[in-house]
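> I would like to see how this sequence folds:
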Amino acid sequence: MNILQKTQVLLFGGLILVLTACAKVSHEPKPGEYGQQLIGSYDLTLEEIEALNNTTMPKPDIDKRPKLSIGYEATAANNPYRFVMVARGYAIADGEVELRFIGGTERMSGNGYHPEAFREDDTHNYKANEPVLLVLASDPFSVDATQDTSDSSFATHAEITERSNFQFQSVQLQVWEGKGSKYSWTRYLAIMAIFLSIFIFILTRTNLIADVLSRK
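Now for the predicted structure:
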């Protein structure tokens, strides 16, 4: 299996999701990018948008972070899946914008997930009040076929951990089904780490062999 096709698996009823944002996007997700079919979507209410904008910044209090979630049906036969957040808003001042989220997926009948901190910056420089479209996506994840197949109801959660120079106007939570063409930088970073490890291993072995030969 190609390393880009490997997906994270739901273990112990929960899965940590790492949400990554593109540097700048010109359109909302299309079929084939983050998955083949959109199986669930939820538009945040005005109250939820206001709660995101009112969080203390740059780092909101852990007990006061707005909790976002979306429910959907998922089965192992239709793996993989991907959670996507489409955020529209504008830059508050000239400069870069920044969003940080943590997220997780769990079976509706299972235990809670264990979130992990994540950060991603938009390095594009915006003008004050310039419209901003951000697409934050998890890595592909799979439903574990060995778990209880009678329970196909899942929920994905997300909460903001940091916001800089960005004012929300709308947010849509999405769940995509099937393989897509877009992968996050964390996946490519993992590939680079593997190749770097192999390179270091080969280099070490080569140096050892050269050292042995030089002693003969």
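> Just give me the neighbour total for Ala93.
Counted with other CB atoms under 10 Å, residues neighbouring Ala93 total 11. (Glycine included, C-beta is placed from N, CA and C.)
> Reduced to three states, what does it come out as?
The assignment at Ala93 comes out as coil when based on DSSP: H, G, I helix; E, B strand; the rest coil.
> I'd like to know how far it sits from Asn53.
15 Å (CB to CB, to the nearest Å).
> Same check on Pro140?
Distance from Pro140 to Asn53, by CB to CB: 30 Å.
> higher neighbour count, those two?
Between Pro140 and Asn53, Pro140 has the larger neighbour count (other CB under 10 Å), namely 25 against 15.
> list the contacts for the closest residue in space to that one that isn't next to it in sequence?
What sits nearest to Pro140 in space, not counting adjacent residues and going by CB to CB, 6 or more residues apart in numbering, is Pro80, at 3.9 Å. Residues near Pro80 by CB atoms under 8 Å, 6 or more residues apart in numbering: Thr7, Gly35, Pro140, Phe141, Ser142, Gly178, Lys179.
> Please indicate which of these are buried?
Among these, the ones that count as buried by 16 or more other CB atoms under 10 Å are Thr7, Gly35, Pro140, Phe141, Ser142, Gly178, Lys179.
> Out of those, which comes closest to Asn129?
Gly35 (33.0 Å; CB to CB).
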